[in-house]
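Chemist: Okay, predicted coordinates and the sequence, questions at the end:
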Amino acid sequence: MDRFDEIVSEMDFNFWGSGEHGIPPEAAVKLIGKESVFFLDVRTKEETDLVALPFAHNIPVNELPSRLDELPQDKLIIVFCSSIFRGSMTYGYLLHKGFDQVKGLIGSIEQLVACLKPGPLFKMAQSS
């Protein structure tokens, strides 16, 4: 059994039910700017040219194989895209490549951006 087979084999009811594989947008936003977290935006260049998120590092999915050296091994990597599908693919790919601190955004990029509006940011600042 190769590494990817092992990863997929561990994705049972407990794995999905625990939610440890992902992070909701509200929790992710609280980690922006933390030194121990690396936000990985896997959208295409065309998408990020239209809507860029300056706290994230953009490496399109199709460029990941040749750019893995740009990813930190010692930080939590939070993967997101405009379709949860690409983020999920990247999650599995990074685990397969030996990255063990990876979470996928559980939600859309629209939900993430909604958390960056003044109201939600103000509430977050008040609760910290």
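Modeler: That came in fine, so what should we check first?
Chemist: Make sure Lys123 is indeed in a helix.
Modeler: Yes. Counting by DSSP: H, G, I helix; E, B strand; the rest coil, Lys123 is found in a helix.
Chemist: any idea how far Lys30 is from it?
Modeler: 11 Å (CB to CB, to the nearest Å). C-beta coordinates here come from the backbone N, C-alpha and C atoms, glycine included.
Chemist: Same check on Pro118?
Modeler: 16 Å.
Chemist: before we move on, back to that, common neighbours of Lys123 and Lys30, please.
Modeler: Overlap of the contact sets of Lys123 and Lys30 (by CB atoms under 8 Å, 6 or more residues apart in numbering) is empty.
Chemist: Looking at Pro118 and Lys30, which is more packed in?
Modeler: Each of Pro118 and Lys30 has its neighbours counted (other CB atoms under 10 Å); Lys30 has more, 14 against 7.
Chemist: so who does the more buried one touch?
Modeler: Counted by CB under 8 Å, 6+ apart, Lys30 has contacts Met124.
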